[in-house]
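Enquirer: what follows is a predicted structure for the sequence shown.
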Amino acid sequence: MKGRNVLRAVVVWLVGVAPVAAEVRQAIHFPDLPGYRTLKCDLHMHTVFSDGKVWPTVRVDEAWREGLDAIAITDHIEYLAHKAFVTADFNAAYEIALPRAKEKNILLVKGVEITRDTPPGHFNLLFIRDGAPFNTADIFAVFDRAAQQNAYVMWNHPGWRQRPRWGEVQSRLAERKQLKAIEVCNGDEYYPEAFQWAIEKNLAVIGCTDIHDPSLSPAPTPALHRTLTLVFARERSLEGLREALEAGRTLVWFENCLMGREQYASAMFDACVRIHPPHHRTRDRLHVEIENASELNIELERIGDAGPAKITLPARAISLVEIALPTGDPPPLAYRTRNFLIGPDRPLPVNLSIPAAGK
Ligand SMILES: [Zn+2]
Ligand SMILES: [Zn+2]
């Protein structure tokens, strides 16, 4: 065999036989809710088509690797940091990323970010058809065109660099029922006022990264993960995502906490925490195992008369809990948890009910 043929044979063997390193996707552990799929979503991020530092396909690769289901690339309309080198095209990032999103099973929402001084502030327009018409100075013309495209309008980072202010534009959008969502958390920032408005004005509670740099995130931990939105969708599709966002079925995962409406926080707590029947009982004590299937390190504080003053349930683990009890059936164990906030500084109240032994 001539040298070149040997080389060719080796190359063919390497391509055909040698093990190829599989791409690895991290899983984010939050269970589905009854009737709904829990979609992990980051609906605010940037690429080189505005002032981000990565090519659009990189956002898809990062999202897949980090266990997300859906993303929106939302480059600024008004701020194009690289326009001397990258063409000003308000559809390009989506068009470049879409084939990769299909390959990687990531739901890609087409979006842009409207970037104005505050007031009125910044807004994401999601589920748009065409980004070009939004390149106009008149902010109300922007929202008229958003309505023509049936865009989903979200108010971004209301407390960025200042105290949040509900302005005239927000009121007009709300009157027109065009404002659907508000970023309660953006990256490492949390805006309690925005959380209160979301609850009072019936807006979806949203959390996003607004990432500009490459994401170098390792495996998610309670302390170190993307800020993102859990969306409870009837199906894992763009239509399912849109319907769930319109209905406000969301929770924000920020630091070691989920935030949102009580009904979803409560349903998620019930889905995450499973109390096993007591495996050991003495005259005045129960031993039970409590499972936490979520990414949160859950801390429970007693608000009733029975049970330990504090119970800690580490993420994705089973904890052994000893409960001192009077004789007879266990009374309801009333607790609250700051890992699930149902309003600014409002921890979720929960009742731990211990199943009867042998069930
Ligand atoms: Zn912004
Ligand atoms: Zn942004």
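Expert: Perfect, I can see it now. Numbering: from 1, shown residues only. Ligands and ions are numbered 1, 2, ... in the order given.
Enquirer: confidence score at Val6?
Expert: Here, the pLDDT recorded for Val6 equals 58.
Enquirer: which residue, other than its chain neighbours, is closest to Gln178?
Expert: Distances taken as C-beta to C-beta, 6 or more residues apart in numbering put Val153 closest to Gln178, at 5.3 Å, once the chain neighbours are dropped. C-beta coordinates here come from the backbone N, C-alpha and C atoms, glycine included.
Enquirer: what sits against that neighbour?
Expert: Val153 makes contacts with 123-126, 143, 146, 173, 178-181, as judged by C-beta atoms under 8 Å, 6 or more residues apart in numbering.
Enquirer: list the contacts for the residue of the stretch 101-250 of the chain found nearest ligand 2?
Expert: Nearest residue of the stretch 101-250 of the chain to ligand 2 (C-beta to the ion) works out as Asp210 at 4.3 Å. Contacts for Asp210 (C-beta under 8 Å, 6+ apart) come out as 44-46, 156-157, 186-187.
Enquirer: can you say which of the contacts of Val153 are buried?
Expert: Buried members of these, scored by 16 or more other C-beta atoms under 10 Å, are 123-126, 143, 146, 173, 178-181.
Enquirer: would you pull up the residue in the protein closest to ligand 1?
Expert: Nearest residue of the chain to ligand 1: His122, at 3.5 Å (C-beta to the ion).
Enquirer: okay, and the beta partners of that residue?
Expert: Beta-bridge pairing for His122 (DSSP bridges): Thr115.
Enquirer: correct me, but it touches Glu113?
Expert: Yes - counting by C-beta atoms under 8 Å, His122 does reach Glu113; the two are 5.9 Å apart.
Enquirer: anything in contact with each of these two?
Expert: Overlap of the contact sets of His122 and Glu113 (by C-beta under 8 Å, 6+ apart) consists of Asn156.
Enquirer: now the buried members of the contacts of Asp210.
Expert: Neighbour counting with 16+ other C-beta under 10 Å marks 44-46, 156-157, 186-187 as buried within the contacts of Asp210.
Enquirer: which residues does Cys257 contact?
Expert: Shown in contact with Cys257 (C-beta under 8 Å, 6+ apart): 296, 338-341.
Enquirer: before we move on, the earlier item: now the buried ones among the contacts of Val153 as TSV including pLDDT and distance to ligand 2?
Expert: Shown next, in TSV, are the buried ones among the contacts of Val153 (pLDDT from 0 to 100; distance: C-beta to the ion, whole Å):
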residue	pLDDT	distance to ligand 2
Phe123	97	10
Asn124	98	8
Leu125	98	12
Leu126	98	13
Phe143	96	18
Ala146	97	17
Leu173	94	18
Gln178	97	20
Leu179	97	17
Lys180	98	17
Ala181	98	14
